[in-house]
Each structure stands twice: as structure tokens, then as C-alpha cells.
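[1] below is the structure, and that's it, no one-letter string:
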Ligand SMILES: [Zn+2]
């Protein structure tokens, strides 16, 4: 499938939805676009910070079912409409932490997969039977699809981190759609399902990126604790930042690619057992 084939305009999506007889869906779609976006899975009393609620949503989102642009292409056209996943609302800000998960934390690893470092992360997670999130770049994922499949087989969540790690707010909307859409396509080809989460490089989002992410069926996830592991501050410093930042619902940002990440790999081996000893569950959001 060519990239430009994925870039169907919203008008075309509406036309196709109408052609499928989904008039109710079209009505919801139009209303949804301009409605307050935070309603169904909104943070409960958390101004300024989004809190993802893994338990929220199926009923609330059912009414929002509509096809995304690239999923209507021939590659996925075999999926009957009834089995298309409900799309999330357009957010105004990313989720920064998880609510309603008890004494649980989420570990996230960005920029990979990298065959030099990702296997070490996977090995540690496997040893402690923990699930994490990997926000992969399309240009890395396309050459390391075996690692994507390994993540998936181990129960980890594979998210979208754009194709080439650009500064999203500097891009035209068509480029943003291309960066996110082509990465979702690689993930879907490798795993059979498109990603449900995405993260903007540098945590730099803009309004159109939230719209495009939602069109592609993804929720935006940022982080609570930044280990700054990419500065290679020393394994001990990374470990300390994670342990100092540990709290229920916290999302930790680390990297398994983009440079020498041996400190990140070594740090996980030290902080993961200590988090577990402290009574934390390591979890991933479900949608
Ligand atoms: Zn990144």
C-alpha cells in the first residue's frame, strides 16, 4: 500500500461511512468533532493533567465508532464494520499518568526497537513477568519487526512514536498524518492490530496531532517521570530517578534506542526488582 493511499480526506471517510449506510455514525462523527473532547474518559478532578482510566470507555466510546482513514484501505478492508474498534475522542492534552490502577506504575521505552538494547530490556521484563509499553519509531520498526513481534508475544503494548522522530508542531498536517499513519501501518502489518497509543517526540503535541491521532484510533500518552536516560547520566542516577518518582499511577519515560542505551538497560535490572519489592505492580493500560 502506498503512503498516499492512506491519506484519504475526512470528506472521503464521511462519504464512505454514508455509503455503508452508517448515517447514525456520521451524525455522531460530526458532533464528536466539535464537542468537548474530554468527556468519556476524563480525568476525575485532575486539572491540568490527563489521567488515563483503563477501565473507562467501552460504552462511552461505542457511540463514537467510525472508520479511520487508513484502516479503510484494502489491507484491512476484510474487517467487517461491526469489528472495527471504537475510536477515542479528540483530546486537548496527553495523558500524563494512570488513574484507578491502584499501586501500579507504567514503564515506557521510546525510540526503538534497537537490536543492541531492546532485547536486554525484554529479557529483564520477562524475568520478572512484567508488561511495559514500547513507543516505536516506524523507521526503526520496519527493520526490526521480529522485535515488535517479541514485544507483542510477551504481552507488551506497542505504541506509535512517529516514523522519523520529528518535532511535530513544525510539520504540515499532511506530514503529521504520514508520520503517524505509516508507523501504525508497519505495526499493524507486523502484529495484525494497529497501535492504540501514541506519543509525540519530545512530548511536543499540537491540536492537529490530537485530531490525527484520534482518527487513527490512538490515545496520546505522555509521562510523569522523565529519567533523562538519553543524557547518559549514569546507571545509578537513572535508578534513583525512577525510585524517587515512584508513586501510584506514575508513567516512567526511558529509551531503548537513539544512542547508547546500555545505562537504561542496566538501570531496569536494578530498579524493577526494587519497585516490585516496594509493592508496586508494573502494568500497561488496556483499551
Ligand atoms: Zn523519542
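    Structure's in. What do you need? Note that the structure is predicted; figures quoted are calculated from it, not measured.

[2] surely residue 220 is in a strand?
    Yes. According to DSSP: H, G, I helix; E, B strand; the rest coil, residue 220 belongs to a strand.

[3] my read: it touches residue 210, true?
    Yes. The pair residue 220 and residue 210 passes the contact test of CB atoms under 8 Å, sitting 6.3 Å apart. For glycine as for every other residue, the C-beta is placed from the backbone atoms N, C-alpha and C.

[4] identify the contacts common to those two.
    Listed contacts common to residue 220 and residue 210 are residue 91; contacts here mean CB atoms under 8 Å, 6 or more residues apart in numbering.

[5] burial of the closest residue to residue 218 other than its chain neighbours, as a residue count?
    Nearest non-adjacent residue to residue 218, counting by CB to CB, 6 or more residues apart in numbering: residue 198, 4.3 Å away. Per other CB atoms under 10 Å, the neighbour tally for residue 198 reads 27.

[6] so what does residue 198 look like in phi/psi?
    In terms of degrees, to the nearest 10, the main-chain angles of residue 198 are phi -140, psi 160.

[7] so for it, what's the pLDDT?
    pLDDT recorded at residue 198 is 98.

[8] what's the answer for residue 100, then?
    pLDDT, residue 100: 85.

[9] now do residue 281
    97.

[10] okay, now the residue nearest to it when sequence neighbours are not counted: neighbour count?
    Spatial nearest neighbour of residue 281, chain neighbours left out: residue 104 (4.2 Å); criterion: CB to CB, 6+ apart. By other CB under 10 Å, the residues close to residue 104 number 17.

[11] can you check the one 10 residues further on too?
    Neighbour count of residue 114, defined by other CB under 10 Å: 23.

[12] what residues are up against residue 107?
    Contacts of residue 107 (CB under 8 Å, 6+ apart): 125, 130, 132, 133, 252, 254, 268, 272, 282.

[13] for residue 182, pull up the helix or strand it's in.
    Per DSSP states H and E: residue 182 is located in helix 173-191.

[14] show me which of the contacts of residue 107 is closest to residue 175.
    Closest approach between the contacts of residue 107 and residue 175, by CB to CB: residue 133, at 24.7 Å.

[15] would you point out the helix or strand in the protein whose mean pLDDT is lowest?
    Within the chain, no helix or strand scores below helix 23-34, which has a mean of 28 by mean pLDDT, DSSP states H and E.

[16] about what we covered before: need the contact list for the residue nearest to residue 281.
    By CB under 8 Å, 6+ apart, the contact set of residue 104 is 98, 248, 249, 280, 281, 282, 283.

[17] mind redoing it with 10 Å?
    Residues near residue 104 by CB atoms under 10 Å, 6 or more residues apart in numbering: 54, 98, 248, 249, 250, 280, 281, 282, 283, 284, 285.

[18] what parts of the stretch 101-250 of the chain come near the ion?
    Within the stretch 101-250 of the chain, the positions near the ion by CB under 5 Å from the ion are 110, 111, 201.

[19] in the strand or helix carrying residue 152, what counts as buried?
    Per DSSP H and E: residue 152 is located in helix 145-153. Using 16 or more other CB atoms under 10 Å as the test for burial, helix 145-153 gives 147, 148, 150, 151, 152.

[20] any idea how far residue 211 is from the nearest residue to residue 108 once chain neighbours are set aside?
    In space, and not counting its chain neighbours, residue 108 is closest to residue 133: 4.4 Å by CB to CB, 6+ apart. Separation of residue 133 from residue 211 (CB to CB, to the nearest Å): 22 Å.
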